[in-house]
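> Provide a 3D model corresponding to the input given below.
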Amino acid sequence: MKSVLLGLTVGSGVLLAACNPLESGPVGNAAVPQPAKPVELGRYAGTWYEQARYEAGFQKDCEGVTAVYAAKPDGSVGVVNSCRQGSLTGPLKTAEATARVVEGSNGSKLKVSFFWPVEGDYWVLDRAADYSWSIVGEPSGRYLWILTRSQRIGPQAYAALVRRAQVLGYDTAMLRRTQQ
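Predicted coordinates:
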């Protein structure tokens, strides 16, 4: 019985380590800045459209990417990420998670869990005053997302957001534009 429990414990640990998305990928920013603006979760809630990202295995071949955030009665945040696999008409993939605000972060840092007990960092590094766009990263510098409330944005608006990411220290040559 002890060997079965040990096997389950070790096996679960290996599985969790293998599923941790923060373990691989090139670093696009070796000195990720702290978020500069507070985030009001009530205003951040709703649908966001991904305009660009650093490519990650868990988003491979994803297009039409959205993230929907909703406040939950217990103070946590419900998260539903979705994408179309391979093209805008490809099969829909969704992933649900729960997020919690990191104490002392003015709402700008979240811990997100797609499966307990593993949590990933989600930092709103910059955002528009009207919450029409946000630039999201995490402390390793391996992940970056440019999100907007509008499904499609023009080339000038996109270029302005890329410049903002560059000012934050990100290698914008690593960005992959998302089809919307």
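> rest of the way, CA atoms for contacts and neighbours
Will do.
> The protein: helices as residue ranges?
2-19, 41-44, 155-167 (DSSP state H).
> Any buried residues in the shortest one, and which?
In terms of neighbour count (16 or more other Cα atoms under 10 Å), helix 41-44 has its buried residues at 41, 44.
> Look up the closest residue to Ile146, ignoring the ones flanking it.
Distances taken as Cα to Cα, 6 or more residues apart in numbering place Ile135 nearest to Ile146, at 4.8 Å, with adjacent residues excluded.
> what's near enough to touch the one you found?
Applying Cα atoms under 8 Å, 6 or more residues apart in numbering, we find Ile135 in contact with 124-127, 144-147, 165.
> Could you rerun that using 6 Å?
125-126, 145-146 (Cα atoms under 6 Å, 6 or more residues apart in numbering).
> Output those as TSV; include the columns distance to Ala56 and neighbour count.
As requested, the contacts of Ile135 are exported to TSV (distance: Cα to Cα, whole Å; neighbours: other Cα atoms under 10 Å):
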residue	distance to Ala56	neighbour count
Leu125	19	23
Asp126	21	25
Trp145	11	21
Ile146	14	26
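> Just these: which are in strands?
Among the contacts of Ile135, DSSP state E puts 125-126, 145-146 in strands.
> nearest to Leu92, of those residues?
Nearest to Leu92 among the ones in strands among the contacts of Ile135, counting by Cα to Cα, is Trp145 at 19.7 Å.
> For beta bridges, what are the partners of the spatially closest residue to the closest one that is not a sequence neighbour?
Using Cα to Cα, 6+ apart and skipping the chain neighbours, the partner closest in space to Trp145 is Arg53 (4.4 Å). Per DSSP bridges, the residues bridged to Arg53 are Trp145, Arg176.
> do Val80 as well
Under the criterion DSSP bridges, Val80 forms beta bridges with Val68, Glu96.
> I'd say it and Ala99 touch.
No - at 10.6 Å, Val80 does not count as touching Ala99 under the criterion of Cα atoms under 6 Å.
> between these two, who's got more neighbours?
Set side by side, Val80 and Ala99 show unequal neighbour counts under other Cα atoms under 10 Å, the larger going to Ala99 at 24 against 17.
> Roughly how far does that one sit from Met174?
With distances taken as Cα to Cα, to the nearest Å, Ala99 is found 27 Å from Met174.
> cool, and Asp74?
Using Cα to Cα, Asp74 is found at 38 Å from Met174.
> got it, and Arg53?
Between Arg53 and Met174 the distance is 8 Å, computed by Cα to Cα.
> ok, now Gly154?
Shown here: Gly154 relative to Met174, a distance of 20 Å by Cα to Cα.
> out of Asp74 and Met174, which sits in the busier spot?
With neighbours defined as other Cα under 10 Å, Asp74 and Met174 compare such that Met174 has more, 16 against 7.
> All good on my end, thank you.
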